[in-house]
Each structure stands twice: as structure tokens, then as C-alpha cells.
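In: Kindly generate the corresponding structure for this input.
(one chain, ligands or ions: 1)
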Amino acid sequence: MAYLTTNPATGEVERTFDTITAKQLAAILDESEDCFRNDWPKRSIQDRADAVRRAAAIIREEQDELAATMTRDMGKLIGQAIGELQLSAAILDYYADTAADFLSPKSLPGAPGATLHAQPLGILLAVEPWNFPFFQLARVVGPQLMVGNVVIAKHASNVPQCAVAFESVMRRAGIPAGAYANVFASTDQVGSIIDDPRVRGVTLTGSEKAGATVAERAARNLKKSVLELGGSDAMIVLEDAPFEATVMNAMVGKMNNAGQSCVATKRMIVVGEKRGKQFLEAMTAAMASLKAGDPLDPATTLAPVSSEAALQGLLEQIEEARAGGAAIVLGGNRIDRAGSYLEPTILANVNADNPVYRKEIFGPVLMFHVVADEAAAIALANDVPFGLGGSVFTADLERGERVALAIESGMAFVNGPTWSTPQMPFGGIKNSGYGRELSQLGFGEFVNWKLVAVAPAGSMPPGADAAG
Ligand code: NAP
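Out: Coordinates of the predicted model:
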């Protein structure tokens with residue numbers, strides 16, 4: 001497996017990196033274990049928080065350069081890259097600010113003398129995807145470093161410059177190599193890291209296939225895993241949804257990161273024939289107005305997809321959809337210029353027997369459905385193997401909340417696309433994975449909430465009264 005930057009806007013290979021050697025990997029595991037036993041979790045929460053906050057500050061100071069690195073690695077629009085860096089810095093600050101409270105010992109109501117103490121588990125492996133190269137790392141590293149765990153990160157092979165840049169930020173913030181290390185590991189090496197008895201857990205964000213492989217390996221070693229996998233989020237548009245605002249939200253939900261987001265609006269489900277027609281026209285016009293160009297140019301509104309392979313996969317899915325009876329309302333073709341650009345695409349009439357109906361389409365492609373009523377919208381939203389996010393648009397907030405609760409997912413938003421902030425948990429159900437990242441829930445995934453129960457000296461053993 002090669003780690004290399006192929007600029008998606010040009011198709012040029014810009015940099016290559018060697019896969020780590022077995023000897024280097026062994027040294028990193030030794031250093032991580034030594035740091036866990038003797039250094040990082042032994043530092044005060046305040047010291048750890050200072051370092052994590054310094055990392056946030058460096059990200060903010062260097063955001064222009066880091067954003068350009070991200071854009072060259074995987075093609076996202078420069079403005080969106082800056083937004084991602086600001087979110088990443090906010091995540092790091094959030095955990096630095098809230099750790100002391102979260103990690104404080106908790107007494108147990110009704111159990112005098114019993115206390116829960118938060119203890120770190122040890123070395124964690126994070127396997128991360130390319131689509132949000134800084135955010136994905138920040139949302140693991142922020143909580144786990146504050147808990148006192150140490151992290152070995154295996155980033156996606158197409159964003160090596162981001163992986164190196166993130167590690168450099170960590171190091172300059174005073175986070176030692178044993179507490180955070182990037183590894184350019186092969187798939188086999190990922191397996192060997194999971195097998196290492198000093199590694200206590202693994203978190204993966206990525207495809208179902210990679211998730212199942214890594215989770216199976218972790219389970220064989222009786223280690224905990226957290227999986228953040230794919231999605232096919234629905235946006236349900238009810239009869240009373242405000243038109244303009246809903247279209248604007250649908251565009252952000254669909255087109256952020258050129259549609260390459262696990263929580264992108266992959267399916268738009270509009271209630272009512274007449275409104276369906278109006279929304280389809282508006283979405284077609286809005287998506288057609290996007291202008292392909294250099295993603296480093298702030299005026300560009302349509303970025304390339306991440307790679308030639310990703311583009312070919314999308315073209316195959318579009319052809320599969322068409323052959324299965326879908327109508328291609330907009331786009332469907334490669335854009336005739338250098339780089340991996342796909343026309344913004346809308347697929348309609350994607351029926352339940354169409355091969356793409358239950359699949360995730362990871363790019364600027366919207367599946368558009370029209371249904372008769374709310375019940376049909378909910379049934380269609382839930383008729384996929386995924387359960388990550390979802391949204392509902394309506395003027396009636398109570399109804400919106402009721403429909404949001406009926407969507408089978410880990411997250412559902414009323415009058416906004418599925419979105420991420422440091423304070424809100426992120427994760428799914430069904431084939432979208434298990435466990436959560438971010439918020440207080442993300443804090444707790446790799447914590448040993450150790451029970452210590454203290455009874456007065458000279459206490460009789462439990463059951464002694466009954467026995468007597
Ligand atoms: P992917 O192929 O699964 O890659 C993700 C990571 O897993 C990469 O670091 C990859 O390394 C590694 N990997 C792949 N196969 C592996 C294996 N057999 N053993 C160990 N590691 C392995 O995912 P992708 O297609 O690039 O990313 C898009 C997917 O991620 C979509 O399904 C998307 O919805 C999902 N995603 C989910 C979330 C979420 O929070 N739920 C967020 C973002 C993306 P290499 O690059 O070296 O192959």
C-alpha cells in the first residue's frame with residue numbers, strides 16, 4: 001500500500017511516503033507503551049489540557065497553510081478546509097476545557113462509599129479516512145489524550161501530508177511522540193498493531209468493509225472497538241417546509257465536501273407531487289449553478305472528488321442506477337478537464353429494486369424521491385441498511401421532532417442538515433457502526449470507570465447479618 005498525494009484537481013502525484021518498517025513500528029509501540037506507563041497519564045489534567053489547547057492554537061495560527069495541504073491531498077474547497085480546521089481546533093479546546101469535570105470521580109447514589117474513577121486504558125489505534133483529514137483526527141485525539149490514553153493513528157493512504165502536518169502540530173504543542181504517533185502502516189501492520197497486547201482499543205472511521213475487518217480482529221483479541229461507518233442519510237421535506245431555506249439547507253447537506261461526507265444528504269424525500277416537482281426544479285437549478293475549478297481558488301464552488309478511483313466508482317454507480325431504471329435528471333458525467341471532477345448529479349425514480357437504492361453514493365450525487373405522505377417518507381428513510389444521521393424540514397417543530405425520532409439513526413436534525421459540533425455526539429446504528437465520538441459520550445468510549453467501594457474498617461462481610 002503506497003502513501004501518496006495525488007492532487008485530485010490535477011491528477012499529478014505530488015509526494016510519496018514509504019510504508020513504515022517492522023522495526024520502526026516496533027519502536028513506536030515501545031515508545032507509546034513507555035509513555036503510557038511513565039508519562040502522559042501521570043501528568044496533571046491541567047498539563048495535558050495546556051498541550052491540547054496549544055495544538056488548537058497552532059491549528060488556528062497556521063490554518064491557511066494547513067488548509068492548502070488538505071486541499072492538495074484530497075481536493076476539498078479551500079474555504080471548507082478552513083472551516084474544518086476551525087472545527088478541529090474547537091474540538092481540541094472543548095475537551096481541554098471539559099476534561100476536569102468529566103474525569104472527576106463520581107459517587108453512586110444509594111451506594112455509600114462507592115465511587116467511580118475514570119482511568120485510561122492504554123494505547124489506542126485510530127484508523128481514519130481521508131474525507132475530513134483534520135476533523136477525524138481531532139475528534140479522536142482531543143478526548144483520548146485528555147482521558148490519558150495514548151494514540152497511534154493510521155490515516156488514509158491518500159492524505160499523507162495531512163497526517164504528517166497533524167503529527168507536527170501535536171509535537172510542537174508539546175505532546176510527546178509516545179502520546180501521539182502517526183504510522184504509515186499497511187493493512188497487515190494494522191492487524192499486527194491490533195494483536196499487540198499493549199494496544200487496548202481501536203476506533204475506525206471508514207467503510208463497512210474496513211470496519212468489519214478491524215472490529216473482527218479486535219474482537220478476536222477481546223478488545224473494544226468503536227466504528228463510525230457509512231451512511232445514506234435521508235432529508236425528509238414535509239408539506240409545510242419553508243421552500244427557500246429548505247433548498248439552501250439541502251445544498252449544504254448534499255454538497256459540503258463535494259458530497260463526500262458520511263452524513264451528507266444522500267436522499268431527499270419530498271412529501272407531495274406538486275412540491276416534489278418544485279423542489280426537484282430548484283435543486284436542479286442550484287446544483288447546476290456550481291462551477292468547477294481549482295479548489296484552492298476561493299471563487300470555485302465545485303471541487304473534484306478525492307481520486308480518479310472514486311470518480312470511476314461514482315460513474316459506475318450512476319450507470320448502475322440508470323440501467324436499473326433511474327432517471328438522470330442532472331449531470332451524470334465526468335467534467336472535461338484535468339482532475340477527477342464529476343458533474344453534480346440528480347437521480348430520480350430510484351425504485352426499491354434499483355441496485356443503488358440501498359447503497360451509499362459518496363459524492364455529488366443526490367437521490368431524489370417523492371412520496372405521498374409522512375408515513376411513506378419515514379418508511380423510505382428507514383429502508384436502507386444504514387442508520388447514521390437524517391433530517392426533517394417542517395414549520396411544525398413538534399411534528400418535526402416526532403418524525404426525527406422515527407428515523408432509525410444515531411442523529412436526526414429538524415430544519416438543518418446533519419452536522420457536527422464538539423458538544424454533540426456523533427455516531428450511528430445499524431451498518432453505520434456503533435459507539436460515539438464527540439461530546440461527553442465520545443469522552444467515555446475508552447475509559448475504565450473503575451469502581452472503588454470503601455467500607456469502614458472492621459465492617460462485617462456482606463450477608464453477615466442474614467447468616468447470623
Ligand atoms: P475506507 O476505505 O474504509 O478507509 C478508511 C480507513 O480504513 C483508511 O485509513 C484505510 O486505509 C483503512 N482501511 C481500509 N481497509 C482496511 C483494512 N482492511 N484494514 C485496516 N484498515 C483499512 O473508507 P473510504 O472509502 O476511504 O472512506 C469513506 C467511507 O467512510 C464512507 O463509507 C463514509 O461514509 C465513511 N465515513 C464515515 C464517517 C463517520 O463518522 N461515520 C466519517 C467519514 C467517513 P487506506 O487508505 O490505506 O486503504
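In: Flag the shaky bits of this protein, pLDDT-wise.
Out: 1, 466-468 (pLDDT under 70).
In: can you list the residues of it near the ligand?
Out: 1, 127-131, 154-157, 187, 190, 205-207, 210, 213-214, 228-231, 262, 360, 362, 388, 432 (Cβ under 6 Å from any ligand atom). C-beta coordinates here come from the backbone N, C-alpha and C atoms, glycine included.
In: rerun at 5 Å
Out: Residues of the chain lying close to the ligand (Cβ under 5 Å from any ligand atom) are 127, 129, 156-157, 187, 190, 205-207, 210, 213, 228, 230, 262.
In: Save the residues you listed as JSON lines, and put in neighbour count too.
Out: Formatted as JSON lines, these follow (neighbours: other Cβ atoms under 10 Å):
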{"residue": "Val127", "neighbour count": "27"}
{"residue": "Pro129", "neighbour count": "23"}
{"residue": "Ala156", "neighbour count": "22"}
{"residue": "Ser157", "neighbour count": "19"}
{"residue": "Thr187", "neighbour count": "13"}
{"residue": "Val190", "neighbour count": "22"}
{"residue": "Thr205", "neighbour count": "28"}
{"residue": "Gly206", "neighbour count": "22"}
{"residue": "Ser207", "neighbour count": "15"}
{"residue": "Ala210", "neighbour count": "18"}
{"residue": "Thr213", "neighbour count": "18"}
{"residue": "Glu228", "neighbour count": "27"}
{"residue": "Gly230", "neighbour count": "24"}
{"residue": "Cys262", "neighbour count": "29"}
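In: okay, among these, which ones form the most distant pair?
Out: Thr187 and Cys262 (20.9 Å; Cβ to Cβ).
In: sec struct for Pro8, please.
Out: Three-state assignment for Pro8 (DSSP: H, G, I helix; E, B strand; the rest coil): coil.
In: State the distance from it to Gly83.
Out: Per Cβ to Cβ, to the nearest Å, Pro8 is found 19 Å from Gly83.
In: who's more crowded, the two?
Out: Pro8 (27 against 17; other Cβ atoms under 10 Å).
In: Not counting sequence-adjacent ones, nearest residue to that one?
Out: Gly75 (3.4 Å; Cβ to Cβ, 6 or more residues apart in numbering).
In: Pull the contacting residues for the residue lying closest to Gly324 once chain neighbours are set aside.
Out: Once flanking residues are discounted, Gly324 sits nearest to Asn354: 3.7 Å by Cβ to Cβ, 6+ apart. By Cβ atoms under 8 Å, 6 or more residues apart in numbering, the contact list for Asn354 reads Ala321, Gly324, Gly325, Ala326.
In: Would you agree Asn354 falls within a strand?
Out: No - read with three-state DSSP, Asn354 is coil and lies in no strand.
In: which pair in the contacts of Asn354 spans the largest distance?
Out: Across the contacts of Asn354 (Cβ to Cβ), the longest gap, 8.3 Å, separates Ala321 and Gly325.
In: so who does the closest residue to Pro364 other than its chain neighbours touch?
Out: The shortest distance from Pro364 to any non-neighbouring residue, by Cβ to Cβ, 6+ apart, is to Gly259 (4.1 Å). Applying Cβ under 8 Å, 6+ apart to Gly259 gives the contacts Lys266, Val305, Ile361, Phe362, Gly363, Pro364, Val365, Leu366.
In: So which of those residues is the closest to the ligand?
Out: The ligand lies nearest to Phe362 out of the contacts of Gly259, by Cβ to the nearest ligand atom, at 5.3 Å.
In: Now intersect the contacts of Gly259 with the helices, please.
Out: Among the contacts of Gly259, no member is found in helices (DSSP state H).
In: Let's have these in CSV, adding neighbour count and distance to Asp93.
Out: CSV is the format used below for the contacts of Gly259 (neighbours: other Cβ atoms under 10 Å; distance: Cβ to Cβ, whole Å):
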residue, neighbour count, distance to Asp93
Lys266, 28, 31
Val305, 26, 31
Ile361, 23, 35
Phe362, 25, 30
Gly363, 24, 32
Pro364, 26, 32
Val365, 27, 35
Leu366, 29, 34
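In: on that earlier part again, of the contacts of Asn354, which belong to helices?
Out: Per DSSP H, the contacts of Asn354 map to helices at Ala321.
In: out of the contacts of Asn354, who has the most neighbours?
Out: Counting by other Cβ under 10 Å, top hit in those: Ala321 with 26 neighbours.
In: from memory that one sits against Asp353, does it?
Out: No - counting by Cβ atoms under 8 Å, Ala321 does not reach Asp353; the two are 11.7 Å apart.
In: what about Ser186, how many neighbours?
Out: Ser186 has 17 nearby residues by other Cβ under 10 Å.
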